[in-house]
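Student: mind looking at a prediction? Sequence and model below.
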Amino acid sequence: MKSLKDKVVVITGAGSGIGRALAVHAASKGALLAISDVNVAGLAETVALAKDAGATDVHSTQLDVADRPAFLAYADEVAAHFGRVNVIVNNAGVTMTGDFEDMTLEEYDWLMSINLDGVVTGTKAFLPHLIASGDGHVVNISSLFGLVSMPGQTAYNAAKYAVRGFTEALREEMLIARHPVGVTCVHPGGIRTNIVRNGRTTAHEDADALNALFDRVGRMEPAKAASIIWGAVRKDQARLLVGYDAHVIHQFAKLTGSRYQDVFALAKKRILPVVR
């Protein structure tokens, strides 16, 4: 896919952050947009920004990606509206921070239903349309935490590692079947979004300290991240790390092997005191 012009681009979690930036960037390149989010107000703001950027057709829908029947129906709705679909960006995601010991299974399931099941459902729902388009692409947003593990992120790590494995296997299947569908797995580092601030924590986590830490490490603006991601789509890049921190931490983990876990465990105890 060498250009986004006149391509039908579907983006979940487009009400803020990376999803919004991806929508605005695609609009500026002439794409036709189908965007969704659970946050109606945020979604309306993205619609306005996309139109200001030049979008001629923005199909906007409130959607909870954890609601599988609704997501499947949404795919049919989008295909009927545009007559085709070229790109699905499974971006919607949430955080659940806290030690697994303190986490309820309901909290774990809530995150997995969005961060993993939402990606699987979105890919399954739109893949036939992408194949039929003759020029399709799947973009699944994993995370730096889909490459390295972090204490306090058992649920998030589980989902993002799974997204990585799912996406890489899907790409192999598309190559074997010779389907005209590219597949890219994206691993952002610290991007300046509200995902942590809007996320959930266990009772023993210091949410204020967590937010303050993410404010310090989330340095890259979403617009820059979006530009990098769309560049990778044009190159049909299989794996994309976004941000200097993502590259440094990934390389550190590769060099140190499993010993990186000891370093990260020590770092968390020093940086984020746990409330007991």
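Tutor: All right, it came through fine. Numbering: from 1, shown residues only.
Student: helices of this protein, start to end?
Tutor: 17-28, 40-52, 68-82, 105-115, 117-133, 154-177, 207-217, 222-234, 244-256, 260-271 (DSSP state H).
Student: give me the helices and strands touching the last one, please.
Tutor: Read it as helix 260-271. Judged by 3 or more C-beta pairs under 8 Å, 6 or more residues apart in numbering; DSSP states H and E, helix 260-271 is in contact with helix 244-256. C-beta coordinates here come from the backbone N, C-alpha and C atoms, glycine included.
Student: and the longest one, by the same measure?
Tutor: Secondary structure elements in contact with helix 154-177, counted by 3+ C-beta pairs under 8 Å, 6+ apart, are strand 96-97, helix 105-115, helix 117-133, strand 136-141, strand 181-188.
Student: if we can go back for a sec, Val94: which of the helices of the chain is closest?
Tutor: Taking C-beta to C-beta, helix 105-115 is the member of those nearest to Val94, at 5.2 Å.
Student: circling back: how about the helices and strands packed on helix 154-177, which one is nearest Trp230?
Tutor: For Trp230, the closest of these is strand 136-141, at 8.9 Å, according to C-beta to C-beta.
Student: show me the contact partners of the closest one.
Tutor: 1, 18, 85-91, 93, 119, 123, 126-127, 129-130, 163, 166-167, 170, 179-186, 188, 229, 233, 236 (C-beta atoms under 8 Å, 6 or more residues apart in numbering).
Student: that one to helix 17-28, inter-axis angle?
Tutor: 150 degrees (axes from the mean of the first three to the mean of the last three C-alpha atoms, to 10 degrees).
Student: report the inter-axis angle for strand 136-141 versus strand 181-188.
Tutor: 20 degrees.
Student: tell me the angle of strand 136-141 relative to helix 222-234?
Tutor: Calculated by the same axes, to 10 degrees, strand 136-141 forms an angle of 140 degrees with helix 222-234.
Student: partners of strand 136-141, with directions?
Tutor: The strands beside strand 136-141 in its sheet (DSSP bridges) come out as strand 87-90 (parallel), strand 181-188 (parallel).
Student: re the thing from before, most tightly packed of the helices of the chain?
Tutor: Highest mean neighbour count among those (mean count of other C-beta atoms under 10 Å): helix 17-28, with a mean of 26.
Student: show me what that helix is packed up against.
Tutor: For helix 17-28, the packing partners by 3+ C-beta pairs under 8 Å, 6+ apart are strand 8-11, strand 32-37, helix 40-52, helix 222-234.
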